[in-house]
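1. Sequence below, structure please.
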Amino acid sequence: MFQKDGSSTIGGKKDVPLRKSDRRRLRDRALDALFVGSDGAGGGGGSAEPCDWIARADKLVDDAVVAPKGGDVLSRKLKLPGGEHATLFLRAPSASGDVPGSSGSDGTSTRDELIRSYPAAWPYRRSTQPILLEYEDADRKVHLAPLLPLLAALPPPLLTPPLANDDGSDNERRYRIPNVTVHPEVSKYICRGADLMKSGMRSFPPPWTLRQSKGLVTISVIGNPQPLAVGTIENSLFREYCYSKNGKQGRGDWKDAAANLVGPGKKGVGVAVFSCYGDDLWEGGLPPKHKISGQTSDLMDGVSNPLGGGVYDDGNWGNAGFVEGKHAWPILDVGEDKDNDEEEEEDVEDERDEGKEEAEDASADLSRLDLSECNKEQSTTETSDEPPDQTENNNGEDNGKNGNDAIEEALPDHNEILLNAFYASLLLLLSSKTALPLPVSTYYAKYLLASVPSSGPRLDMKQTTHKKIGPFLLDMDANGVIKVGASKDKKDRCAFLVGIVKNHPDLIRFKREWKNDIGVSGGVWSAAGTASQKTKLAVVDLFIVPRHISDGLQLDKDAVMAVNAKTEERKGTGFLTKTECRALIENYVETEQLADPNSKGRVLVNGPLCDALYRKSKKNKKPGQSTDYPTSVKRKDLIERWIESMEKGHAVVQMPGSKIVRLGRGGPKTVDVEVEFRQGNRKKFLTRVRGMEEYGIDSEALSQDVARRFACSSAAETDPVGRPALKKGRVELIMQGHLSEELTALLTGDEKLSSHGGAKGGDYNLPKSVINVALRKGVPARKKR
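-> Numbering: from 1, shown residues only. As a prediction, this is how the structure comes out:
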């Protein structure tokens, strides 16, 4: 939101000081946004109770927002890139003097001592800092969120007791906003302005904490609990995780649900970041001298950050692990005690509360935090882009593999993917008796990419040691597996695939291993490989009985609301299948004894049935039109009229298994594929795609996938000029070329719709009926081949 330079002032007027009454109201809102629960023990200012830090936090928020001891609180009106309005609240520097509780940490403090040593007054003395942001979401609802300078002056959420539940039984004052941890290497991408992807999340808070915060979270790195970013959980992830199956997530299985939604290998955005370390808000809050020369020697008399080891006015909010707005490195040791069993028993005796135990586990992977000696060595970390040295355990041995090794293990081996796909493509060429020589570009797009298993990660040539397909094929030629040929001008040594050595030992060994693997899995070997049973989506027509018909005929309410539906998703929703809808009118005819005794196959029409199906309203009646109504109709015609009178609905069903993914009124949402001429050139085309988000397809991932499969350029537009407006958060993809057939084949998974090899192996599997292909005037239905 604030990544571009000047984005925190665009569309804004002059900063306006707030009146005291407005400050007090803003303070109350800020406390409500930060904390949940009653004051409890935190109400006593000087006691040594466990919640004493809450009282200190209340005093700091009061001093930051109300500023009773001097200092202005300013408001700045902003207009966000999406057109929403926002208000930024800023706190002017505090007057110099002693700040209670800001003595810092000596590196050996316990957790309780650490959180009690945070300041109780505004600690920034040299620059104006943003503290709160009032913004509108996509539904135009107003929210108030704390910003990083304010959060840095408060104890981090990870060091304070977590929220145990949301049923009202826990009245103790706690943080409302939960925290998400990431690997330190991920911090550089967040500092550049990227959203946090699901694959980069190393912990996920319980659903009841996210419901309390309405999806607002802070982000910190493992080993440095101070937040480096603030954002909101992506809408679809929030709904699926926090309101699963139209109800609250069970307390016993939330960890399994979190593991299935986020973590390594998961695709899509997890947290939409609106403020982070290194953005325009951070730059606008830098102290004047820091902006000019970066020197901080005159800041040593400032207020110390008890956790970070620096002073709040050093440009990094007093955190030694924050480096020049580019990285956030660990400053704490994340260790595990060998006597875990004894500690767990003591914890159980102390807690005596199952809800609190589950909430404590929400900060996955952070079982204990001990202050590191690097707190004392701020000078060595402020000027270095390298992470502080990680300490070792008491035995001098590493606690395990470091984060880089873990990330490397989680990433796919693209060299192995390329080699397996290469041998599989050779077997495919031999079995299909494809004529050689074959252009390398055709071989790569139609055979090699199609041989990459759709169930695993996609091949990225840039992640291999060869970087391009040409050098790889030359190596295979040198090994004697294939033979490649040069172009006519001899400039390209690898222009054609000329031959395949069938009896090469490597190819024979791969074929034998492949057969064995398929035999173990119970499949049948074929040269094209074995694809696991894919799931596809289908659209089923459903019907809803209008209220005036059900009331007029006095139909069974349970039957109308589909209480006894076969699937759990439809029970009690009122969405009926055609068979269930037909059974309603059949039962009504039988109950009211409307079968015509004088004519087989006909039904008598009584008053309520006539009013429901045949009587027209005054609005629809034409002047002079007769008002004769039937007294007897054919049973077949009655059923057709009944079905036509129903409100239309649909269900998106996952096959096999008939699992309902989504229910909706009206027809299903369409994915629009439109082909038009390029501007000023009637021989080249552009393909536009919109609506893919309705079926959970990430637009950015689809754009990259299409560009890789069909070797074309692809871009995304959020506000296309001269085109119908898009919903908020939706984009329109623009792709080079006439790709109507290829995209239809890729999105539906029907490879017969296109002969292009890049369309094979897609895992989108949308129903063909939701793909709406439109050709602008003059665009041919098929490309000239």
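2. so how many other residues sit close to residue 441?
-> 12 (other C-beta atoms under 10 Å). Heads up, the C-betas are built off the backbone N, CA and C, glycines and all.
3. go on, residue 572?
-> Neighbours of residue 572 using other C-beta under 10 Å come to 14.
4. do the same with residue 666
-> By the criterion of other C-beta under 10 Å, residue 666 has 9 neighbours.
5. how many neighbours does the nearest residue to it once chain neighbours are set aside have?
-> Nearest residue to residue 666 in three dimensions, chain neighbours excluded: residue 648, at 5.9 Å (C-beta to C-beta, 6 or more residues apart in numbering). Neighbours of residue 648 under the rule other C-beta under 10 Å: 13.
6. can you list the residues that contact stretch 563-582?
-> 245, 540-545, 558-562, 584, 639, 642-643, 646, 649, 651, 658, 660, 663 (C-beta atoms under 8 Å, 6 or more residues apart in numbering).
7. Give the buried subset of the residues you listed as a ChimeraX selection command.
-> Burial among the contacts of stretch 563-582 is assessed by 16 or more other C-beta atoms under 10 Å; the matching ChimeraX selection reads:
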select :540,542,543,544,545,559,560,561,562,584,639,642,646,649,651,660,663
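8. Point out the ones among the contacts of stretch 563-582 that are inside strands.
-> Of those, the ones assigned to strands by DSSP state E are 540, 541, 542, 543, 544, 649, 651, 660, 663.
9. isn't the first one right up against residue 649?
-> No. Using C-beta atoms under 8 Å, residue 540 and residue 649 do not qualify as a contacting pair, with a distance of 9.5 Å.
10. Residues in contact with both of those two, list them for me.
-> What both residue 540 and residue 649 touch, as defined by C-beta under 8 Å, 6+ apart, is an empty set.
11. Now do stretch 452-469, average pLDDT.
-> For stretch 452-469, mean pLDDT rounds to 83.
12. Flag every buried residue along it.
-> Buried residues in stretch 452-469, defined by neighbour count with 16+ other C-beta under 10 Å: 452, 453, 458, 459, 461, 464, 466, 469.
13. Those residues: which two are farthest apart?
-> 453 and 466 (20.2 Å; C-beta to C-beta).
14. number of nearby residues for residue 16?
-> Residues lying near residue 16 (other C-beta under 10 Å) number 13.
15. actually residue 185, not the one I typed
-> Residue 185 has 15 nearby residues by other C-beta under 10 Å.
16. Distance to residue 488 added to the buried residues of stretch 452-469, as a markdown table?
-> Listed next are those as a markdown table, based on distance: C-beta to C-beta, whole Å:
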| residue | distance to residue 488 |
| --- | --- |
| 452 | 31 |
| 453 | 36 |
| 458 | 33 |
| 459 | 29 |
| 461 | 25 |
| 464 | 28 |
| 466 | 25 |
| 469 | 20 |
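17. ok, of those residues, which one's closest to residue 729?
-> Once C-beta to C-beta is applied, the member of the buried residues of stretch 452-469 that ends up nearest residue 729 is residue 458, at 25.0 Å.
18. Could you list the buried residues of the helix or strand where residue 260 lies?
-> Element membership for residue 260, per DSSP states H and E: helix 254-261. Buried residues in helix 254-261, counted by 16+ other C-beta under 10 Å: 254, 257, 258, 261.
19. Hmm, the first one is touching residue 207, no?
-> It stands for residue 254. Yes. With contacts defined as C-beta under 8 Å, residue 254 counts as touching residue 207 at a distance of 5.5 Å.
20. Across the sheet, point out what pairs with residue 735.
-> In this entry, residue 735 is beta-bridged to residue 687, residue 714, by DSSP bridges.
21. Which pLDDT value does the model give it?
-> 93.
22. can you check residue 650 too?
-> 92.
23. And residue 229, by the same measure?
-> 92.
24. Next up, the contacts around it.
-> 148, 190, 196, 218, 219, 271, 273, 275, 276, 277.
25. Now which of those would you call buried?
-> For the contacts of residue 229, a burial check counting by 16+ other C-beta under 10 Å picks out 148, 190, 196, 218, 219, 271, 273, 275, 276, 277.
26. I'd like those as JSON lines, with pLDDT, distance to residue 613 and secondary structure appended.
-> Formatted as JSON lines, the buried ones among the contacts of residue 229 follow (pLDDT from 0 to 100; distance: C-beta to C-beta, whole Å; DSSP: H, G, I helix; E, B strand; the rest coil):
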{"residue": "148", "pLDDT": "89", "distance to residue 613": "64", "secondary structure": "helix"}
{"residue": "190", "pLDDT": "90", "distance to residue 613": "61", "secondary structure": "helix"}
{"residue": "196", "pLDDT": "91", "distance to residue 613": "55", "secondary structure": "strand"}
{"residue": "218", "pLDDT": "93", "distance to residue 613": "59", "secondary structure": "strand"}
{"residue": "219", "pLDDT": "93", "distance to residue 613": "59", "secondary structure": "strand"}
{"residue": "271", "pLDDT": "91", "distance to residue 613": "52", "secondary structure": "strand"}
{"residue": "273", "pLDDT": "90", "distance to residue 613": "56", "secondary structure": "strand"}
{"residue": "275", "pLDDT": "89", "distance to residue 613": "59", "secondary structure": "strand"}
{"residue": "276", "pLDDT": "91", "distance to residue 613": "61", "secondary structure": "strand"}
{"residue": "277", "pLDDT": "90", "distance to residue 613": "66", "secondary structure": "coil"}
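27. nearest to residue 705, of those residues?
-> Using C-beta to C-beta, the buried ones among the contacts of residue 229 come closest to residue 705 at residue 196, 21.4 Å.
28. can you pull up the bridge partners for the closest one?
-> residue 271.
29. isn't it right next to residue 276, touching?
-> No. Residue 196 lies out of contact with residue 276 (C-beta under 8 Å); the separation is 9.5 Å.
30. Please enumerate the shared neighbours of these two.
-> 190, 219, 229.
31. Quick check: of those, which lies closest to residue 441?
-> residue 190 (38.0 Å).
32. All the helices of the stretch 651-785 of the chain, residue numbers only.
-> Taking DSSP state H, counting those that start in this stretch, the helices of the stretch 651-785 of the chain run over residues 699-710, 740-748.
33. most packed of the ones you listed?
-> helix 740-748 (a mean of 24; mean count of other C-beta atoms under 10 Å).
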